[in-house]
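> below are the sequence and a predicted model for it; my questions follow.
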Amino acid sequence: MTALRKSLSANWKTIALTFEIFWVAVYLLDAASTGAPQAMQFVYANF
Amino acid sequence: MVLFASSTLLLLAMPQFGIPDLLAVWAIAGCSFWAARTLCSPADRAGRRLWIAVLGGASVLGTLAFFKYRFAQDLFFGRTGATPTPSSNYLFLLGVSYFSFKAIHVVVETYKRSIPQVSFLDYFNYMTFFPSFISGPISRYPQFVAQLGPVEAGTLKRDLGLAGERIVHGLFKKLVLAKLMFPYTLMAMRITVGGLSARQVVLGLYASALYFYFDFAGYSDLAIGAARLLGIQLPENFDKPFLQKNVRDLWSHWHMSLTSWLVDYVYWPLVRRLRGVDWFRPRPILLSTAAMTVTFIVCGMWHGEAPHFLLWGTVHGLGISLATVYQRQKRAVPSPALQRYFRSRASAVVGAVGTFHFFTAALALFLLDIRELRALAAALLH
């Protein structure tokens, strides 16, 4: 348990970044599935 | 030159930003550059320098007012309030706001001679730097220009790593968290407040506070990351604002580059002015309160001309002044138990929770117009 906690605290930045990349990829794939022009419009509208 | 050309091309690639917008941006930058360049010449008389600084600042502020406020457009075109007005170009309006802050900073600092020299290309690069053009962060000219020189060897890998990490944080906040929050915000409900229950409005306000944070902090991360890809470090804009223990600290961690601009170019000049007023001299707390309130009224009016923005600015100005007085009074409390509490974690948590609620409640004044605020007050009182 202590080893797991140590490993988590040593690597929390990488874990958080991986989590963020995963969800950004999910969003972008979802947006891309509606067709490139619409996805780009959403990106522009939210920029 | 390559940076200026790429910034220009990227600006033109933005939707709703065409050649006329670019020419307008260049024209404003040109006016402020002329003022700054003239102010840098060593032999000018003091009176003439003041006039040049006023002219440079007024040209920037006049353009900002024209694009931002309907009353300024009505005044210019001689229109009455009943005449329909064409809608403003939103993107240009946003850009011109931030870029005006930069122009005023350079004009004021060259007037004070803290910027001794302004070069044409550096200035135009500073003004049109693409990553921070639309919504900041508002960088300062000396720090920006110092980074335009030759790059140190071996920094590319570090810059790319930091930029990539920052861009991922920005995309996560903006595309995932802000998007998750948006349907619950007051802006998304698109129903008049009269049609919502008080509970819905209150929940909408909390969601709006979080949405604004994720959206703007995410945007700032993207801007800072994109600039870092080019080897430029922009100033930080957000640093855990909702974890701060009072509203004064919240504002020094929320949209930090704008807050520091307002402090430097509105608050301190006002304080210096008011120190010359006999009535204020023996009353430093009132002096600071008045200057802070006016600073936040300016901040509110920068967001829009409607009276509810003025109310929002007043509430925040008074809130910050009260927080400052409270911090000062706390130190004078004789009870050791209370002093221990003030230094404790519990006090910081209570402060952070209270500050977040204050910010969210004041957001009602920002998001709702006077008619909607009356409807909300009526719904809450019944």
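Cool, the structure landed. For clarity, every value in this text was computed on a predicted model and none was experimentally measured.
> C-alpha only now, for contacts and for neighbours.
OK.
> quick one, helices of chain A?
Under the criterion DSSP state H, helices of chain A are mapped to A:2-33, A:36-45.
> of the ones you listed, which is nearest chain B?
Of all the helices of chain A, helix A:2-33 sits nearest to chain B, with 5.6 Å by C-alpha to the nearest C-alpha.
> run the contact check for the closest one versus chain B.
Yes - applying C-alpha under 8 Å from any C-alpha of the partner chain, one finds helix A:2-33 touching chain B at A:L17, A:E20, A:I21, A:W23, A:V24, A:Y27.
> what's the neighbour count on B:L274?
18 (other C-alpha atoms under 10 Å in any protein chain shown).
> how far away is it from chain A?
B:L274 is 41 Å from chain A, where distance means C-alpha to the nearest C-alpha, to the nearest Å.
> also B:A146?
Between B:A146 and chain A the distance, using C-alpha to the nearest C-alpha, works out to 28 Å.
> closest residue of the stretch 1-150 of chain B to chain A?
Closest point on the stretch 1-150 of chain B to chain A, by C-alpha to the nearest C-alpha, is B:P15, at 7.5 Å.
> before we move on, what about chain B?
In chain B, the residue that lies nearest chain A is B:F172 (5.6 Å; C-alpha to the nearest C-alpha).
> just the element for the closest residue to B:R248 other than its chain neighbours, please.
Spatially, and ignoring its direct neighbours in sequence, B:R248 is nearest to B:I320 (4.9 Å; C-alpha to C-alpha, 6 or more residues apart in numbering or on different chains). Per DSSP states H and E, B:I320 falls inside helix B:307-331.
> thinking again about what came up before, can you add neighbour count and give the residues of helix A:2-33 next to chain B back as a markdown table?
Formatted as a markdown table, the residues of helix A:2-33 next to chain B follow (neighbours: other C-alpha atoms under 10 Å in any protein chain shown):
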| residue | neighbour count |
| --- | --- |
| A:L17 | 15 |
| A:E20 | 20 |
| A:I21 | 17 |
| A:W23 | 16 |
| A:V24 | 22 |
| A:Y27 | 17 |
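> count of residues packed around A:A3?
8.
> mind pulling up the pLDDT for it?
pLDDT for A:A3: 83.
> give me the number of residues near the residue nearest to B:S32 when sequence neighbours are not counted?
Nearest residue to B:S32, sequence neighbours excluded (C-alpha to C-alpha, 6+ apart): B:G56, at 5.1 Å. Per other C-alpha under 10 Å, the neighbour tally for B:G56 reads 26.
> next SSE after the helix or strand encompassing B:G56?
Per DSSP H and E, B:G56 falls inside helix B:46-68. Following helix B:46-68 in sequence order, the next helix or strand is helix B:70-77 (DSSP H and E).
> in that next one, what's buried?
B:R70, B:F71, B:A72, B:Q73 (16 or more other C-alpha atoms under 10 Å in any protein chain shown).
> want to throw those residues into a markdown table with pLDDT and distance to B:F101?
What follows is the buried residues of helix B:70-77, written out as a markdown table (pLDDT from 0 to 100; distance: C-alpha to C-alpha, whole Å):
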| residue | pLDDT | distance to B:F101 |
| --- | --- | --- |
| B:R70 | 72 | 20 |
| B:F71 | 71 | 21 |
| B:A72 | 70 | 19 |
| B:Q73 | 70 | 21 |
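> what subset of those residues is also close to chain A?
Okay, of those, nothing touches chain A (C-alpha under 8 Å from any C-alpha).
> any low-confidence regions in chain A?
Regions of chain A meeting the criterion pLDDT under 70 cover residues A:1, A:34-47.
> and the closest residue to B:F242 other than its chain neighbours, what element?
With sequence-adjacent residues excluded and distances taken as C-alpha to C-alpha, 6+ apart, B:F242 is closest to B:F356, at 5.9 Å. Per DSSP H and E: B:F356 is located in helix B:345-367.
> just checking, what packs against that helix?
helix B:198-229, helix B:247-251, helix B:307-331 (3 or more C-alpha pairs under 8 Å, 6 or more residues apart in numbering or on different chains; DSSP states H and E).
> phi first, then psi, for B:Q147.
phi -90, psi 0 (degrees, to the nearest 10).
> my bad, should have said B:G276
Main-chain torsions, B:G276, degrees, to the nearest 10: phi -80, psi -10.
> count of neighbours near A:A32?
That count, for A:A32 with other C-alpha under 10 Å as the rule, works out to 14.
> okay, now the residue of chain B closest to chain A: neighbour count?
With other C-alpha under 10 Å as criterion, B:F172 counts 26.
> isn't it right next to A:A25, touching?
No - taking contacts as C-alpha atoms under 8 Å, B:F172 lies outside contact range of A:A25: 9.4 Å.
> about what we covered before: contacts for the helix holding B:I320 next, please.
Applying C-alpha atoms under 8 Å, 6 or more residues apart in numbering or on different chains, the contact partners of helix B:307-331 are B:246-248, B:285, B:288-289, B:292-301, B:303, B:339, B:342, B:362-363, B:365-366, B:368-370.
> make a ChimeraX selection of the buried ones in those.
To isolate the buried ones among the contacts of helix B:307-331 in ChimeraX, judged by 16+ other C-alpha under 10 Å, type:
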select /B:246,247,248,288,289,292,293,294,295,296,297,298,299,300,301,303,342,362,363,365,366,368
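> next structured bit after the helix holding B:I320?
Following helix B:307-331 in sequence, per DSSP H and E, is helix B:336-343.
> okay, now the domains of chain B?
Here the domain assignment for chain B is B:2-146, B:156-229, B:242-381, based on automatic domain parsing.
> which strands and helices sit next to the lowest-mean-pLDDT helix or strand in chain B?
The helix or strand of chain B with the poorest confidence is helix B:70-77; it has a mean of 70 (mean pLDDT, DSSP states H and E). In terms of contacts (3+ C-alpha pairs under 8 Å, 6+ apart), helix B:70-77 is packed against helix B:46-68.
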